[in-house]
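A.B. asks: how would this look folded up:
(one chain, ligands or ions: 3)
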Amino acid sequence: MKITLTKYPLHRTACDAVVVTHFEDDSRPRGEGYALDKRTSGLIGALLKDGDFKGKLFETSLLYTRGLITSKRIIVIGMGKRSECDAERIRAVFSKTARTARDLRLRSFAAAIDFDGAGPGPSDAARAAVEGVLLGLYRFMPYKTGDDDQKRDPGKFIIVGEGQGLRHAVETAEIISKAVSLTRDLVSNPANRLTPAALARKAKELLTGRGVNVTVYDQKRIQKIGMNALLGVARGSDEGARLIIMEYRGGRGKERPLVLVGKGITFDSGGLNLKPAEAMGDMKEDMAGAAAVIGTLRAAADLGIPAHIVGIVPAAENLPSGRACKPGDVLTSLSGTTIEVTNTDAEGRLVLADALTWAHRYRPRAIIDIATLTGGCIIALGNGISGLLGTDETLTAMLKDAGKETGEHLWELPLWRDYEELMKSDIADVKNAAGRPAATITAALFLKKFVGDCPWAHLDIAGTASLTKERAYIPKGASGVGVRLLVQFLERWVRRQDGADSHRH
Ligand code: BES
Ligand code: MN
Ligand code: ZN
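C.D. replies: Residues are numbered from 1 along each chain as shown. Ligands and ions are numbered 1, 2, ... in the order given. As a prediction, this is how the structure comes out:
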């Protein structure tokens with residue numbers, strides 16, 4: 001979709017529909033609505049007058065202008081309460097508007113993103129609106145054959161406004177939304193198409209030539225290195241494991257990096273501790289953490305974020321076979337820590353253990369891992385909030401703030417020391433699975449054994465990576481969660497670092 005800025009006022013913008021937002025607090029058209037109302041001899045006012053339109057959130061009305069203004073139609077859409085107008089609300093409303101335009105088969109629509117003093121400033125509002133439009137229109141279609149012409153998206157979104165700040169906001173939103181869409185594509189891609197090797201190829205395809213260096217270690221190389229926890233998971237599959245390393249040097253000289261680690265299980269059958277059929281259906285999505293890391297690096301590079309970032313993705317398929325890792329097996333991880341595999345379905349933490357160990361080579365300033373790690377996190381927090389655990393308060397606070405700003409909410413769970421006992425093995429240093437109580441916490445406590453004293457945060461996106469029911473600007477299926485969150489986090493990370501530097505000078 002093409003997004004353009006125009007200096008024409010809304011009533012003179014050539015398009016299939018102009019969009020007017022209306023708050024439920026107002027009994028008359030205001031701002032752009034007022035101007036359009038004047039031009040159309042009171043069309044909008046008439047709609048409001050008898051209470052036919054109240055401005056309730058997502059309430060939508062279509063008006064025909066009969067030549068009074070350049071556009072044939074006006075879409076009036078409810079914003080709900082003025083006091084609730086924030087970026088998240090704008091994303092939601094503009095997603096709804098774009099879908100309405102699509103349902104009407106419109107080719108273009110235009111809006112003056114102006115909330116008459118409510119909500120964020122013009123640039124942030126425009127960024128949110130563009131994100132809402134692009135993320136809301138997303139669909140995963142590559143395997144639908146036949147004529148989809150009827151469902152064509154509107155090709156053009158015109159924003160009334162000018163200036164460097166606005167243009168920058170639109171470009172930022174476009175880059176981020178593109179990265180989220182690519183992430184959703186990766187997650188939605190089925191496991192027969194997206195094997196560990198294919199995921200590595202995709203990472204190269206999406207990142208090389210844009211300032212990100214991608215290195216892929218194949219099964220043989222991984223064996224040489226001694227990543228036996230990762231190999232233990234991959235053993236049951238005919239598809240070899242891969243370690244995907246992505247380095248983006250946006251920072252100054254020898255700046256120590258932030259390392260992002262993403263769980264890349266391209267299919268999780270559970271292994272010999274086989275999942276029941278109902279639980280296995282969506283397990284192609286078990287690489288959503290990996291996809292988020294790839295998407296974040298893509299956005300960071302395209303935005304030119306001045307930071308040194310390394311992405312590490314351990315990729316494997318978790319299947320049962322005559323060669324598969326068995327319950328009770330002991331693996332010697334890359335760190336030397338021995339792990340008793342008490343449950344082959346707790347495979348995510350095994351592949352992450354070796355990736356976290358590998359991260360130390362980069363002497364990271366901090367490590368953040370992101371993973372569809374525990375079903376327990378879905379029970380605890382549902383589909384709207386990701387789990388957050390970490391060893392560094394500054395890091396977790398920055399992530400929580402980024403969560404609020406992006407609507408990708410996080411809730412912190414405690415890394416409670418007393419529960420470490422639950423991960424004790426009779427015969428090895430640690431076991432990989434405890435029982436169901438506090439499963440998200442015990443999983444994180446397992447990971448903690450592999451992060452050393454580096455500031456670290458862990459994001460459990462088991463509940464948020466994919467939705468069974470669509471939400472405002474997130475269609476059913478892969479959400480692309482993590483990308484917008486981490487990009488927003490990076491903006492804070494860069495600011496903080498600049499602050500630290502100027503302090504030193
Ligand atoms: N990939 C799953 C977690 C998951 C479940 C993600 C549902 C998304 C939706 C993970 O590998 C897993 O199987 N975890 C087990 C761990 C248990 C055996 C300790 C779980 O949570 O049941
Ligand atoms: Mn599993
Ligand atoms: Zn898994």
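A.B. asks: Please give the centre-to-centre distance between stretch 235-251 and its chain.
C.D. replies: 19 Å (C-alpha atoms, centre = their mean, to the nearest Å).
A.B. asks: what's near enough to touch the residue of the stretch 251-400 of the chain found nearest ligand 2?
C.D. replies: Nearest to ligand 2 in the stretch 251-400 of the chain, going by C-beta to the ion, is residue 345, at a distance of 3.9 Å. For every residue, glycine as well, the C-beta is placed using N, CA and C. Taking C-beta atoms under 8 Å, 6 or more residues apart in numbering as the criterion, residue 345 is in contact with 268, 270-271, 273-275, 318, 433.
A.B. asks: would it count as being in a helix?
C.D. replies: No. Per DSSP: H, G, I helix; E, B strand; the rest coil, residue 345 lies outside any helix segment and is coil.
A.B. asks: and it, what are its phi and psi?
C.D. replies: Dihedral angles of residue 345 (phi, psi; degrees, to the nearest 10) stand at phi -80, psi -10.
A.B. asks: What of residue 62?
C.D. replies: Backbone geometry at residue 62, expressed as degrees, to the nearest 10, gives phi -120, psi 130.
A.B. asks: Name the residues that touch stretch 487-500?
C.D. replies: Counting by C-beta under 8 Å, 6+ apart, 176, 179, 255, 258, 296, 299-300, 303, 305-307, 309, 368, 394, 398-399, 401-402, 405-406 sit against stretch 487-500.
A.B. asks: if we can go back for a sec, in strands, which of the contacts of residue 345 fall?
C.D. replies: The strands, defined by DSSP state E, take in 268, 318 from these.
A.B. asks: Which members of the contacts of residue 345 are classed as buried?
C.D. replies: Buried members of those, counted by 16 or more other C-beta atoms under 10 Å: 268, 270-271, 273, 275, 318, 433.
A.B. asks: still on that earlier bit, the contacts of residue 345: which ones sit near ligand 1?
C.D. replies: Filtering these for proximity to ligand 1 by C-beta under 6 Å from any ligand atom leaves 268, 433.
A.B. asks: Which members of the contacts of residue 345 additionally contact ligand 3?
C.D. replies: Filtering the contacts of residue 345 for proximity to ligand 3 by C-beta under 5 Å from the ion leaves residue 268.
A.B. asks: Now for the contacts of residue 345: which two are most distant?
C.D. replies: Using C-beta to C-beta, these span at most 14.5 Å, a distance reached by 274 and 433.
A.B. asks: where does the protein have its least confident helix or strand?
C.D. replies: When the helices and strands of the chain are scored by mean pLDDT, DSSP states H and E, helix 483-504 comes last with a mean of 88.
A.B. asks: Export only the CA atoms of that one, formatted as CSV.
C.D. replies: C-alpha atoms of helix 483-504 as CSV (Å, rounded to 0.1, in the frame of the first residue of the first chain):
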residue,chain,number,x,y,z
VAL,A,483,8.9,-6.6,16.9
ARG,A,484,7.1,-3.3,17.8
LEU,A,485,8.0,-3.9,21.5
LEU,A,486,11.7,-4.5,20.9
VAL,A,487,12.0,-1.6,18.4
GLN,A,488,10.4,0.7,20.9
PHE,A,489,12.7,-0.7,23.6
LEU,A,490,15.7,0.0,21.3
GLU,A,491,14.7,3.6,21.0
ARG,A,492,14.9,3.8,24.8
TRP,A,493,18.1,1.8,24.9
VAL,A,494,19.8,4.2,22.5
ARG,A,495,18.7,7.2,24.4
ARG,A,496,19.9,5.7,27.7
GLN,A,497,23.3,5.0,26.2
ASP,A,498,23.6,8.5,24.8
GLY,A,499,22.9,9.7,28.3
ALA,A,500,25.5,7.5,29.8
ASP,A,501,28.1,8.6,27.2
SER,A,502,27.5,12.3,27.7
HIS,A,503,27.8,11.7,31.4
ARG,A,504,31.3,10.2,30.9
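A.B. asks: If you count neighbours, what's buried in it?
C.D. replies: 483-491, 493-494, 497.
A.B. asks: For the residue sitting furthest away from the middle of the chain, give me its contacts.
C.D. replies: No residue in the chain sits farther from the centre than residue 41, which is 44.5 Å out by C-alpha atoms, centre = their mean. Contact analysis of residue 41 by C-beta under 8 Å, 6+ apart lists residue 68.
A.B. asks: Helix, strand or coil: sort out it for me.
C.D. replies: Taking three-state DSSP as the rule, one finds residue 41 in the coil state.
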